[in-house]
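[1] Sequence and predicted structure, then a few things I'm wondering about:
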Amino acid sequence: MKMSEQQYKDWGVTDFMADPAFQHWVRAAGAADELNRHWEKVQLLYPELVPVMEEAATQLRELWPGKLLRDPEGEQLVWQAIRRAIRAADEAPVIASRKLIRWPAVAAAVLLLVSGAALITWLLQTQQAAAVQISASTDNRGQFRLISLPDSSKVMLGANSTIRYDDNWNRKGVRQVWLKGDAHFEVKHLNQNDSVVAEHEKFLVHVNDQLEIEVLGTVFNVWNRNGRTEVELTSGKVKLRIKDTGNELILSPGEVAVVTGSSLQLDKEQSDLVLQGPDHDTLYQLNNTSVAEIIDLIEKTYGKKVIVEDTSLLARRIDGVLPLCHEKDLLFALSGILDIRVRQLNAQTWEFNTAE
Amino acid sequence: MNQDATEKIVDADLWKLFLNGNEQAFERLYRSYYAVLFNYGYRVTSDKNLTREAIQHLFVKLWTNRNNLSPTAHVKQYLFKAFRNHLLTLQAQHRKELPVETYGVSLVQDPFEEKLIRCETALHNAQKLQELLAILTPRQREAIQLRFFSDLSYEEIAHILDMQVGGTYKLIYRALERLRESAPTFVLLCCWLFL
């Protein structure tokens, strides 16, 4: 910053008030040394400017508001409206090409819409419960999605996962979703009376067409790896059922169930990798998790390969939280926790090296 | 690194995530900008519902149009500029519906403002100031709002108002001069505080 002191000789109050460097100095009192020195020099050089500058400073301070107006009610309302609007937009069926409109495609889409509408009308007439299915999925480029279900239950969908559910939940039927992959659920509790559970108060998760989780209202995680499914319950109560065998298991908070093929087992130990809910900035909680498992997770989440030179690293176990939503943050956190060097070899490959 | 620069980097990262369809990043952008956008919109239009509506339009448009947007290091500037367009469009629509001078400042009658003031004692002076700002032209008032209330730089304001940086400087200079000239209470208030 180069500022000559001579230019201020003939300045009036307004000149100072409108000067960005002066505004900055008044605003951040005593913040930047360089700036302080500059204005002190001006005051030494032109003592007659001191009262002018003081007046300018006082009036400027008067202009800045002490605090922002807050509008928490509006913030909440507007966000809900935005959520509704973007969800409706995301589910709009005609998204042919965003860049340019191809008229044959438009014609085809119109035709499809017309026939689709006819089909839906027909379905509605023949079968009353024909619901519109909503589907959301994530890819392996570090994407996570927070999904709000029609009953305002929340789902945090992990990477490479898909969830499907019916559009109309306000009827008498069971709330149900179909999940492939990983997710954190926060299910809204509708049941008023423990002894009588109405159908529509139940919440059913179908996992990989293999497992059913029956829920009233609770917080839990579903986690898939190496061909097995883990379900960890944080609060509430859930019932698991294997579709093929009809095997059932009731899970209490803190417990983990492991499903391999058609076997269903209780694992009393806390799961070592937990997908966190939407209230957390960091997404994964590590409890004595091995580096091998973390690498597994990275490969799944970002679709990248991790090369490890020193294989003894794989067996090391760590605790903490992993900021998995952001590639750079994750690399930085890992290199710090493990005291290793992380290098990106190319767009698809990372290398972990123990530091010499 | 100062706080502004850090915020800019965080915003740019959130922006990139949002462009990739990350709803969480999108919500964080919304949460961190709601208050500043609301303040700007409310101070310029004095219409709380119009301001809320414009924020809603802005964010819905951002989300549905995200495939046509590109990464930017100037998230704040971009949001203010886009928000301003939504505000102006909505304002034009409302004017057609009921021909009332919306730029007029009528803070005292609004129970919403009273409620806010009760919460924020520091707002007493700000309200006085708002009354004083009524003597400025709409464009002068807007520049003052952007500089002193929304904390945007001259360069950012120039971009938002579609003008040269030098022109922004002149605009703010004239506004300050006008405030000082035609508002003896402003000077009085300052002098009183100074003593």
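    Looks like it came in fine. Numbering: from 1, shown residues only, chains lettered A, B, ... in the order given.
[2] Distance-wise, check residue A:287 relative to residue A:89.
    According to C-beta to C-beta, to the nearest Å, residue A:287 stands 39 Å off from residue A:89. For glycine as for every other residue, the C-beta is placed from the backbone atoms N, C-alpha and C.
[3] An error on my part: the question was meant for residue B:142.
    According to C-beta to C-beta, residue B:142 and residue A:89 sit 31 Å apart.
[4] show me where chain B has helices.
    B:3-19, B:23-45, B:48-64, B:75-97, B:111-119, B:123-133, B:138-144, B:154-160, B:165-182, B:184-194 (DSSP state H).
[5] Considering those helices, which stretch scores lowest in mean pLDDT?
    Lowest mean pLDDT of those: helix B:111-119, a mean of 43.
[6] returning to that earlier point: the more surrounded of residue B:142 and residue A:89?
    Higher neighbour count among residue B:142 and residue A:89: residue B:142, with 22 against 14, using other C-beta atoms under 10 Å in any protein chain shown.
[7] give me the number of residues near the residue nearest to residue A:182 when sequence neighbours are not counted?
    Leaving aside its sequence neighbours, residue A:182 sits nearest to residue A:158 (C-beta to C-beta, 6 or more residues apart in numbering or on different chains; 3.2 Å). Counted with other C-beta under 10 Å, residues neighbouring residue A:158 total 25.
[8] Show me how the chain divides into domains.
    Going with chain A. Taking automatic domain parsing as the domain assignment, the ranges for chain A are A:6-63, A:72-126, A:133-271, A:281-354.
[9] actually it's chain B I care about, not the one you picked
    B:1-104, B:135-195.
[10] Residue A:218 is nearest to which of the ones you listed?
    Between residue A:218 and these, the tightest spacing by C-beta to C-beta is seen for domain B:1-104, at 21.9 Å.
[11] near chain A at all, that closest one?
    Yes: Domain B:1-104 comes into contact with chain A (C-beta under 8 Å from any C-beta of the partner chain), by way of B:13, B:17, B:20-25, B:27, B:30-31, B:34-36, B:38-39, B:42, B:48, B:52, B:55-56, B:59-60, B:63-64, B:67-68.
[12] where exactly do the helices run in chain A?
    With DSSP H as the criterion, chain A has helices spanning A:13-18, A:20-27, A:33-45, A:49-63, A:72-90, A:103-126, A:291-302, A:327-338.
[13] Including distance to residue B:151 and mean pLDDT, could the ones you listed go into JSON lines?
    Supplementary listing: these in JSON lines, determined by distance: least, C-beta to C-beta, whole Å; pLDDT from 0 to 100:
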{"stretch": "helix A:13-18", "distance to residue B:151": "16", "mean pLDDT": "89"}
{"stretch": "helix A:20-27", "distance to residue B:151": "9", "mean pLDDT": "85"}
{"stretch": "helix A:33-45", "distance to residue B:151": "17", "mean pLDDT": "84"}
{"stretch": "helix A:49-63", "distance to residue B:151": "12", "mean pLDDT": "85"}
{"stretch": "helix A:72-90", "distance to residue B:151": "19", "mean pLDDT": "86"}
{"stretch": "helix A:103-126", "distance to residue B:151": "46", "mean pLDDT": "64"}
{"stretch": "helix A:291-302", "distance to residue B:151": "36", "mean pLDDT": "80"}
{"stretch": "helix A:327-338", "distance to residue B:151": "27", "mean pLDDT": "73"}
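[14] Would you point to the one among those helices that's packed deepest?
    helix A:13-18 (a mean of 22; mean count of other C-beta atoms under 10 Å in any protein chain shown).
[15] Please list the residues outside it that contact it.
    If you take C-beta atoms under 8 Å, 6 or more residues apart in numbering or on different chains as the criterion, helix A:13-18 is touched by A:8, A:22-23, A:52-53, A:55-57, A:59-60, B:169, B:172-173, B:176-177, B:180.
[16] if you set the cut-off to 7 Å instead, what comes out?
    A:22, A:52-53, A:55-56, A:59-60, B:169, B:172-173, B:176-177, B:180 (C-beta atoms under 7 Å, 6 or more residues apart in numbering or on different chains).
[17] With distance to residue A:222 as extra columns, can I get the residues you listed in TSV?
    Listed next are those as TSV, based on distance: C-beta to C-beta, whole Å:
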residue	distance to residue A:222
A:22	59
A:52	68
A:53	64
A:55	66
A:56	62
A:59	61
A:60	57
B:169	58
B:172	56
B:173	62
B:176	60
B:177	65
B:180	65
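[18] Out of those, which two sit at the greatest distance?
    Across the contacts of helix A:13-18 (C-beta to C-beta), the longest gap, 19.9 Å, separates A:55 and B:169.
[19] Bridging across strands, which residues link to the closest residue to chain B within the stretch 101-250 of chain A?
    Closest contact between the stretch 101-250 of chain A and chain B, by C-beta to the nearest C-beta, is at residue A:146 (5.2 Å). Applying DSSP bridges to residue A:146 yields these beta-bridge partners: residue A:156.
[20] between the domains of chain A, which gets nearest to residue B:152?
    Of all these, domain A:6-63 comes closest under C-beta to C-beta, at 11.0 Å.
[21] what about the closest one, start to end distance?
    Domain A:6-63 has its terminal residues 27 Å apart, counting by C-alpha to C-alpha, to the nearest Å.
[22] low-confidence ranges in the stretch 251-356 of chain A?
    Applying pLDDT under 70 to the stretch 251-356 of chain A picks out residues A:268-283, A:323-326, A:328-329, A:355-356.
[23] what are the ranges of the strands in it?
    Taking DSSP state E, counting those that start in this stretch as the test, the strands found in the stretch 251-356 of chain A are A:256-260, A:263-267, A:273-275, A:284-290, A:305-308, A:317-322, A:340-346, A:349-354.
[24] Run me through the strand neighbours of the first one, direction for each.
    Put plainly, it is strand A:256-260. strand A:228-235 (antiparallel), strand A:263-267 (antiparallel).
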